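**Student:** turn this into a model:
(chains A and B)
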Amino acid sequence: MAESPLVLVQRPPTFDFMDELLSRNFPVLTTHHTSSAPLLVFLSRHASSVRAVVSIGRFKIDADFLSHLPSLRLIVCTSVGTDHVDLPECKRRGIAVTNAGEAYSEDVADYAVGLLISFLRRIPAADRYVKSGQWAKCGEFKLGIKLSGKRVGILGLGSIGSLIAKRLEPFGCIISYNSTCQKQSIPYLYYPDVVSLAANNDVIILCCALNDQTRHIVNREVMESLGRNGIIINVGRGGLIDEKEMVKCLVDGVIGGAGLDAFEKEPGVPVELFGLDNVVLSPHSAVATPGSLDNVVQLALANLKAFFSNQPLISPVRLN
Amino acid sequence: MESIGVLMMCPMNSYLENELQKRYNLHRFWTCPEKSVFLETHRNSIRAIVGNASAGADAKLIDDLPKLEIISSFSVLTEDVADLAIGLILALLRRLCECDRYVRSGKWKYGDFKLTTKFSGKSVGIIGLGRIGAAIAKRAQGFNCPINYYSRTEKPDVGYKYYPTVVELAQNSDILVVACALTDETRHIVNREVMDALGAKGVLINIGRGPHVDEKEMVKALTEGRLGGAGLDVFEQEPHVPEELFGLENVVLVPHVASATVETRTAMADLVLGNLEAHFAGKPLLTQVV
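**Tutor:** Residues are numbered from 1 along each chain as shown, chains lettered A, B, ... in the order given. Below you'll find the predicted structure:
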C-alpha cells in the first residue's frame, strides 16, 4: 500500500460492509486473523502506524493485542457490548473506546417485544402447527397467555431498556426496573436488586451491559424468585444468565419460559432447548436489519473523523 | 324458578358450558341428531341462544324460536386481538419464526441468519378504526409508527391520517391491517387492486375474518412476489389453509388464535353469563349490541 495505514479493521471475512466507506476515507489495513500468533506477527510487520482499530465482531482485544499496536489511541467497536475489550488496559494505555451507542436501540427494543409476544402467544409454534398441516388434522391449538396487565421488570434501563418500556406501556404492561442509575425523572418503579425485581414481576427483560458485576446476574436464586410462571427475555449477552442453571430451570418448570437472542457460547446452543415448547430461540439477530447496520457504519465513520480531527468522540465508552 | 331454556350452538368453552348447565336448562345444539325434531319439541322453551363467530343464530333459527329474547355472543376481547396483530407484524418483519427454526435445526453453527426488516417507524394502515383498530393504533404508536386508517366515515379527533379508500390506504402504508367487522360490504375488501397497491415491499396482517381477503388472489400475489408478506390469523375455509403458503418464509400463519388466551376465554365466558343473568333479572345488559 502507498500510505502507512492509520486504521486497522479487524473483522470476520464475510463482514465487509464497511470496507468501501472506510478505505475511501482513510488508509486502511484489514485483517481476519482470529488466533493470536499469526495476528501478532501480522501486526508487528504492518501495523506500527495504526492509530485506530475498527473492531467488527467479538474478537478479543486484550493486552497482548494492544501491546503490538504502539501508535493505537482509539478502538471503534461496532457492537454495543464491550465485554470483549480489556477496558482497564485501554485506560492504562490512554486508548479511547467507542461503541455502537444508540445505533441499534430501536431494533433491539422491537425485537425484545417481538420475542415476548411470540412467546406468550406461541407464534413460532403456531406457525409450525399450521405449516405442517396439523391444524386441519388435529384441531385447536394450545391457548396462549395474555400480555396486557403483565408486570415487566427491565434489567438495565439505558437506551434500549427505555425504548422497550415505551413500547410495552400501550399494551397495558406494568413496568419496573433495576439499573445502575436510578433517576427521579424515571416514571417506573425501581427495585434495588435483581432478586426483588424477579420476585415482583411476571417477565424480566435483560438489556444491561455484560461486565464483571453482571456476569451470571440471572442465577438460580433469581430464577426461583421469578417463579414457575415467570419469563426471561434476553437481548443482552448470553453471559448475563447462568445458562446451565437456566436450562435446568426451563426443563424442570422452575421458570415458565424464555425468549433468548443470546447464549454463552454462540453459535452453540444447549441442545436440551431444541425440544422445549416453552422457549423461543433466536440466533443473535436483534440488531440485524439494514437500518441498524447503516447506523453503526455512519457512527463508526463519525467517531473516526472526530478522532482524527481532534473533536469529541460521538459514542465514547466510560473506561472505569 | 322455572327452568330457562338456553340453546348453545356449538362447543366453545367447557367452563361456559358447565356454568350454563348449572344455571339454566341447557340444550347443546350440536348433539341433536335431528335438529328439526329438536326445534319442534323445544321451540317454546328456548329464551336465549349462546353462539360464537362460527356458529351464530341465523334468521331462520330466530324465526323458529318464538320465545327467543336474547342472543349472547362468545366474542373476543380487544386487547388480545390487538396484541396478536403487533405480534404478527414483528414475527413477520423480523422473521422470528424462521429464526427459531434456524436455531433448532442446528444451522446457526454454519452461519448467521440474514438481515430482516425494521418495524419501528414503518407506516401502519388500519382498515376499521373501531375498538380493535384503535387498540392496534395505540400500540403501533409506541414504535413511532405513523398511523393511517380507512373507515366508512372519517373520525375527526383521532390524530391519524384518514384515507377515503382502501386502495389509497394501501398505497400509503407499509403495513396494512384488517380490523373491521365482516359485513356484505367488507367481504373481499382486500382484493387484488389493494394488494397490488400495497406492493412487493408491503405486508398484510389479517386479524379480522378470512373472507375480508380475496384469498386466492392473495396466494397468487405472495407466490408471485407482488405482495411483500402476510401475517394471517384467519382464512376463508378454516381450518384449511392454502398449502402454497406453507413453504413461504415471508408468511406467518397462526390457527385463529386472536382470542386464544386462557384469561380471555374465561373473561369471554363470564361476559356471556353476566349478560344472560342481567337480562333475566330485568337489569341492563353488560354489552348490548342491538
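
**Student:** what about the strands in the stretch 51-200 of chain B?
**Tutor:** Ranges of strands within the stretch 51-200 of chain B are B:70-73, B:124-127, B:147-150, B:161-162, B:175-178, based on DSSP state E, counting those that start in this stretch.

**Student:** where along chain A do the helices fall?
**Tutor:** A:19-25, A:36-46, A:63-67, A:87-93, A:105-120, A:123-131, A:134-138, A:159-168, A:194-199, A:220-226, A:243-252, A:290-308 (DSSP state H).

**Student:** tell me the most buried of those?
**Tutor:** Stretch with highest mean neighbour count among the helices of chain A: helix A:105-120 (a mean of 27; mean count of other CB atoms under 10 Å in any protein chain shown). Glycine gets a C-beta too; all of them are placed from N, C-alpha and C.

**Student:** mind giving me the packing neighbours of that one?
**Tutor:** helix A:159-168, strand A:203-206, strand A:231-234, strand A:257-260, strand A:279-281, helix A:290-308, helix B:78-93, helix B:96-104 (3 or more CB pairs under 8 Å, 6 or more residues apart in numbering or on different chains; DSSP states H and E).

**Student:** ok, now with 7 Å
**Tutor:** Helix A:105-120 is packed against helix A:159-168, strand A:231-234, strand A:257-260, strand A:279-281, helix B:78-93, with contacts defined by 3 or more CB pairs under 7 Å, 6 or more residues apart in numbering or on different chains; DSSP states H and E.

**Student:** tell me which of the ones you listed lies nearest to residue A:200.
**Tutor:** Closest approach to residue A:200 among the helices and strands packed on helix A:105-120 (CB to CB): strand A:231-234, 13.9 Å.

**Student:** that closest one - contacts with which helices or strands?
**Tutor:** helix A:105-120, strand A:203-206, strand A:257-260.

**Student:** check whether the second one contacts chain B.
**Tutor:** No. No part of strand A:203-206 sits close enough to chain B to count as contact by CB under 7 Å from any CB of the partner chain; the gap is at least 13.6 Å.

**Student:** buried set for that strand?
**Tutor:** A:203, A:204, A:205, A:206 (16 or more other CB atoms under 10 Å in any protein chain shown).

**Student:** could you dump the residues you listed into JSON lines with distance to residue A:236 and pLDDT added?
**Tutor:** As requested, the buried residues of strand A:203-206 are exported to JSON lines (distance: CB to CB, whole Å; pLDDT from 0 to 100):
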{"residue": "A:203", "distance to residue A:236": "15", "pLDDT": "98"}
{"residue": "A:204", "distance to residue A:236": "11", "pLDDT": "98"}
{"residue": "A:205", "distance to residue A:236": "9", "pLDDT": "98"}
{"residue": "A:206", "distance to residue A:236": "4", "pLDDT": "98"}
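
**Student:** which of the residues you listed sits closest to residue B:6?
**Tutor:** residue A:203 (39.4 Å).

**Student:** picking up where we left off before, redo the helices and strands packed on helix A:105-120 as JSON lines? Include distance to residue A:91.
**Tutor:** Below are the helices and strands packed on helix A:105-120 laid out as JSON lines (distance: least, CB to CB, whole Å):
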{"stretch": "helix A:159-168", "distance to residue A:91": "23"}
{"stretch": "strand A:231-234", "distance to residue A:91": "29"}
{"stretch": "strand A:257-260", "distance to residue A:91": "32"}
{"stretch": "strand A:279-281", "distance to residue A:91": "37"}
{"stretch": "helix B:78-93", "distance to residue A:91": "39"}
